[in-house]
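> build me a structure from this.
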Amino acid sequence: MTTYTIARPKKLRGELIAPGDKSVSHRASIFNAIARGAGQVTNYAPGEDCEATINVLRLLGVKIERYTSKGTGGDTVLVHGQGNSGLSEPPDMLDAGESGTTMRLMSGVLAGHSFLAVLTGAEQLRNRPMGRIVEPLTAMGAVIHGRKGVIDGKPDTLAPLVFAGGALVGISYRMPVASAQLKSSILLAGLRAKGETAIHEPAPSRDHTERMLSAMGADITSKGLSVTVRPGGLRAIDVQVPGDTSSAAFWMVAAAIHPDAELCIRNVGINPTRAGAIEVLKAMGADISVDDERDAAGEPAADITVRSSRLRGTTIAGKIIPALIDEVPVLAVAAAMAEGETRIRDARELIVKESNRLAATVDWLTSAGVSAEAHADGMSIDGKGVLKGGEFSSRGDHRLAMSLAVAGLVSDTTVRVTNGEAAGKSYPGFWDDLRRVGGLAE
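Next up, the predicted model:
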């Protein structure tokens, strides 16, 4: 277990390149694996989650070559597609590690295959809800078995999940929550189902899957909150992965709340279904500029510069929540340094992340002298522009570890983050980048 100490620097300056977007990287490797041909994925996201996806695909017979970058960009991954029916029975259990994206998207890929496959993961993932995935896939005809469990007081299905075949047919499915992982799982199964598969969302969720499947030749259409896919094959494509919006958000908040800061984050994904944090920070009064907008494989990207700002409290709720769900812990830091109350609602999904992020965030904020209260689906924070230092645990949660580090940049005394290595789950170079821009980390 590693402890990092952060002291408030006099200034924050520099340019950064956020690691490759995890959501796009997962999809680029999975979709190319079930396509025809070979696809090269550059700036592939580092960290354990996307590595888990590669390991799972290899056990299913997919040849994947990975080349480590010697520069600032991410690795390059070459995926040799097997076609939508070309996967082979795995010789061992498929381990998704702590990656919910791997488990849920691969569930859609495995549904209906004629072979037996067992999809499992680390302890925390085996205790996250999988019923919302199993229900629609089973309705399509997939034979799936899982453990019986209870999530938030209600019966649910838990991993390991056993896939034992079944002939798939298309369905019209109304999603209970706006979830890109659930939507993607059903769409992937729909590529191999008989007939049309239609999905109806209660609110917009990330649309990386629709964009990439369309670029790969899938028969897919989107209209409003509905997405329809028809069975068919994919063609492999090369993908330049933009920088991860969620990782960039830590630097955006750091620059906005520090009294003498200017940080530029290069090549950040600005997909509207992911860029909610930018919108919220602007609403709070952050000095943010978005420059050199461009497009790669259907994904928009740009350079983002953030300068010291005087923030004010706001309400974060409703349709914007799916576009910033992973950024809530660091936005809570911004709220603590803002003037006035910030209310975050409709974020109940955070209860079943790597930690209970709602409770964990409020706990450390309270310990840092902030008036904060947890609610069933969010939190309220009374911003006074003051954070006390101290020792705080990341609880093994990568988002929490990096949020605590950002808090340390403006705290009145040093912040010690225990189990800080958890940041490596999505951003292995985070602590090095923190040193490089002037944050004093040990």
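> make it CA atoms for all contacts and neighbour counts henceforth
Will do.
> can you show me the helices along the stretch 301-442 of the chain?
328-337, 357-367, 398-408, 430-436 (DSSP state H, counting those that start in this stretch).
> the ones you listed: which one's closest to Leu78?
helix 430-436 (25.5 Å; CA to CA).
> can I get the closest one as PDB, trimmed to CA atoms?
This file holds the C-alpha atoms of helix 430-436, laid out as PDB (Å, rounded to 0.1, in the frame of the first residue of the first chain):
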ATOM      1  CA  PHE A 430      -1.300  10.300 -12.600                       C
ATOM      2  CA  TRP A 431       1.200  10.800  -9.800                       C
ATOM      3  CA  ASP A 432       4.100  11.500 -12.300                       C
ATOM      4  CA  ASP A 433       1.900  14.100 -14.100                       C
ATOM      5  CA  LEU A 434       1.000  15.700 -10.800                       C
ATOM      6  CA  ARG A 435       4.700  16.200 -10.000                       C
ATOM      7  CA  ARG A 436       5.300  17.500 -13.500                       C
END
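> quick one: secondary structure of the residue lying closest to Arg310 once chain neighbours are set aside?
Leaving aside its sequence neighbours, Arg310 sits nearest to Gly285 (CA to CA, 6 or more residues apart in numbering; 6.4 Å). Recorded secondary structure, Gly285: coil (DSSP: H, G, I helix; E, B strand; the rest coil).
> which non-adjacent residue is nearest Pro91?
Nearest one to Pro91, counting by CA to CA, 6+ apart, is Leu59 at 7.0 Å.
> so Gln40 is in contact with Leu78, correct?
Yes: contact criterion CA atoms under 8 Å: Gln40 and Leu78 qualify, at 4.5 Å.
> and the residue nearest to Arg310, how close does it get to Val268?
Using CA to CA, to the nearest Å, Gly285 is found at 20 Å from Val268.
> neighbour count for those two, which is higher?
Val268 (28 against 16; other CA atoms under 10 Å).
> check the spacing between that one and Lys384 real quick.
Between Val268 and Lys384 the computed distance is 30 Å (CA to CA).
> so which residues of the stretch 151-300 of the chain form strands?
Ranges of strands in the stretch 151-300 of the chain, per DSSP state E, counting those that start in this stretch, are 154-163, 172-174, 197-200, 219-223, 226-230, 239-240, 261-269, 287-296, 299-307.
> of all those, which one is nearest Asp49?
strand 154-163 (16.7 Å).
> which residue sits closest to Ile64 in space, ignoring its chain neighbours?
Residue nearest to Ile64 in three dimensions, not counting chain neighbours: Val79, with 4.7 Å by CA to CA, 6+ apart.
> which ones are touching that neighbour?
With contact taken as CA atoms under 8 Å, 6 or more residues apart in numbering, Val79 is in contact with 29, 32-33, 38-41, 62-65.
> from the middle of its chain, how far away would the helix or strand where it lies be?
Using DSSP states H and E, Val79 maps to strand 75-80. Centroid separation between strand 75-80 and its chain, computed with CA atoms, centre = their mean, to the nearest Å, is 20 Å.
> same question, stretch 276-289
Stretch 276-289 sits 20 Å away from the centroid of its parent chain (CA atoms, centre = their mean).
> what's in contact with it?
In contact with stretch 276-289 (CA under 8 Å, 6+ apart) are residues 249, 253, 256, 304-314, 316, 320-321, 323-324, 327, 331, 338.
> over to stretch 150-163?
For stretch 150-163, contacts defined as CA under 8 Å, 6+ apart pick out 110-113, 115-121, 125-131, 134, 142-149.
> the same query, at a cut-off of 7 Å, please.
110-111, 116-120, 126-131, 143-149 (CA atoms under 7 Å, 6 or more residues apart in numbering).
> give the buried subset of those as a PyMOL selection command.
Applying 16 or more other CA atoms under 10 Å to the contacts of stretch 150-163, the buried members can be selected in PyMOL as follows:
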select buried, resi 110+111+116+117+118+119+120+126+127+128+129+130+131+143+144+145+146+147+149
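> would you confirm that Ala142 contacts Ala111?
Yes: checked against CA atoms under 7 Å, the pair Ala142 and Ala111 is within contact range at 5.3 Å.
> name the residues contacting each of these two.
Gly165.
> tell me the buried residues in stretch 268-283?
Using 16+ other CA under 10 Å as the test for burial, stretch 268-283 gives 268-278, 280-282.
> which one among these gets closest to Asp95?
Nearest to Asp95 among the buried residues of stretch 268-283 is Arg274, at 27.2 Å by CA to CA.
> pLDDT weak spots in the stretch 51-200 of the chain?
Low-confidence segments of the stretch 51-200 of the chain (pLDDT under 70): 70-73.
> could you pull out the helices for it?
For the stretch 51-200 of the chain, the helices defined by DSSP H, counting those that start in this stretch occupy 100-110, 123-126, 131-139, 180-190.
> ok, residues contacting the first one?
Okay, so that is helix 100-110. With contact meaning CA under 7 Å, 6+ apart, helix 100-110 is reached by 53, 96, 119, 125, 133, 163, 181-182, 184-186, 188-189.
> try the last one
Where contact means CA under 7 Å, 6+ apart, the residues beyond helix 180-190 that reach it are 101, 104-105, 107-109, 111, 133, 137, 170, 197, 205-207, 209, 229-231.
> which pLDDT value belongs to Ile325?
On pLDDT, Ile325 comes in at 89.
> how much space between it and His145?
Ile325 is 29 Å from His145, by CA to CA.
> can you check Arg343 too?
Per CA to CA, Arg343 is found 40 Å from His145.
> ok, Leu440 next?
For Leu440, the distance to His145 equals 49 Å [CA to CA].
> circling back: could you dump the contacts of helix 100-110 to TSV with distance to Pro46?
Formatted as TSV, the contacts of helix 100-110 follow (distance: CA to CA, whole Å):
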residue	distance to Pro46
Thr53	12
Ala96	15
Leu119	22
Leu125	19
Ile133	26
Phe163	29
Gln181	20
Leu182	23
Ser184	22
Ser185	23
Ile186	26
Leu188	24
Ala189	27
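> now, which of those residues sits nearest Ile220?
Distances from Ile220 to the contacts of helix 100-110, taken by CA to CA, are shortest for Leu188, at 11.1 Å.
> how near is that closest one to Gly121?
21 Å.
> go on, Ser214?
Distance from Ser214 to Gly121, by CA to CA: 30 Å.
> which of the two has more neighbours?
Neighbours per residue (other CA under 10 Å) separate Ser214 from Gly121, with Gly121 holding more: 22 against 17.
> sorry, back to before: same list (the strands of the stretch 151-300 of the chain) but as CSV, adding distance to Tyr427.
Below are the strands of the stretch 151-300 of the chain laid out as CSV (distance: least, CA to CA, whole Å):
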stretch, distance to Tyr427
strand 154-163, 26
strand 172-174, 34
strand 197-200, 32
strand 219-223, 32
strand 226-230, 32
strand 239-240, 18
strand 261-269, 14
strand 287-296, 22
strand 299-307, 18
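> of all the ones you listed, which one is nearest Lys425?
With CA to CA, the closest approach to Lys425 among these belongs to strand 261-269: 19.0 Å.
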